[in-house]
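> model the structure of this input:
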Amino acid sequence: MKIILKEDIVGLGYKNDVVEVKDGYGRNFLIPKKKGVIASPAALKMLAENLKQQAHKIEALKAAAQKRAAQLDGVSVEVAAKVSSTGQLYGSVNAAIVAAELAKKGIEVDRKIITMRDIKHVGEYEATVHFFKDVEVKLPVIVVAENKEEVAPVEEEVKPEAVEEPEAEDFEVPTEEEEAPEAE
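Prediction:
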């Protein structure tokens, strides 16, 4: 089934693209959610006419997208996350976290236009930011351990407890036999 998309759909296409989808996906999801229309000959003629009329507007949108993409040139995102001793994250780093880190740097990017796999280990990764059809930016994402310093003190705290135990033995502790007559 051929569908004309009314909005950008990640993994499928951009607004005003004519795409081939399975019948069930088109009838049960795209058309009822107003994300697409059936690509009939009349709809294709209307699409061609609309694209002619909107050519100037599309060029302006593309120029704005290129300007926003230029803001991300040379920018990398560093995310501090809690990590186990093996280097695996508690949770994961996803597009929403990357968008929040960019917002802290003063660059507003919608999390829906960032595509990446969920990151579950410390290291360097890459996210793609899709601003427009042909305007994409590769964004380096560096995941570092937030609790690197916290891991060592936890091990040190175990040792002092072992040292305190012999000191506790120096004190006389009444046994249960001595306490029992007092309780009666």
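
> show me where pLDDT drops low in this protein?
148-184 (pLDDT under 70).

> hmm, 50 instead?
Along the chain, the model assigns pLDDT under 50 to residues 149-169, 184.

> which residues in it form helices?
Here the chain has its helices, by DSSP state H, at 23-25, 41-53, 55-71, 95-104, 148-170, 176-183.

> quick one: distance of the first one to the chain centre.
Once both centres are worked out by CA atoms, centre = their mean, to the nearest Å, helix 23-25 turns out to sit 29 Å from its chain's centre.

> and for stretch 43-60?
Centroid separation for stretch 43-60 versus its chain: 33 Å, with CA atoms, centre = their mean.

> which non-adjacent residue is nearest residue 19?
Nearest non-adjacent residue to residue 19, counting by CB to CB, 6 or more residues apart in numbering: residue 13, 4.6 Å away. Where you see a C-beta, it was placed from the backbone N, CA and C, and this is true even at glycine.

> hmm, the one you found is touching residue 5, no?
Yes - applying CB atoms under 8 Å, one finds residue 13 in contact with residue 5, separated by 5.2 Å.

> overlap in contacts, these two.
Listed contacts common to residue 13 and residue 5 are residue 19; contacts here mean CB atoms under 8 Å, 6 or more residues apart in numbering.

> now residue 96. Nearest residue, chain neighbours left out?
Among residues not flanking residue 96 along the chain, residue 111 sits closest, at 4.6 Å (CB to CB, 6+ apart).

> what about the one you found, neighbour count?
14 (other CB atoms under 10 Å).

> ok, now which ones touch it?
Residue 111 makes contacts with 95, 96, 98, 99, as judged by CB under 8 Å, 6+ apart.

> apply 6 Å and report the result again.
95, 96, 99 (CB atoms under 6 Å, 6 or more residues apart in numbering).

> over to residue 65?
Contact analysis of residue 65 by CB under 6 Å, 6+ apart lists 131, 132, 135.

> how far away is the last one from residue 124?
According to CB to CB, to the nearest Å, residue 135 stands 24 Å off from residue 124.

> so for those two, which sits in the more crowded spot?
Higher neighbour count among residue 135 and residue 124: residue 135, with 18 against 12, using other CB under 10 Å.

> for the more buried one, which non-adjacent residue is closest in space?
residue 65 (4.3 Å).

> alright, calling it a day.
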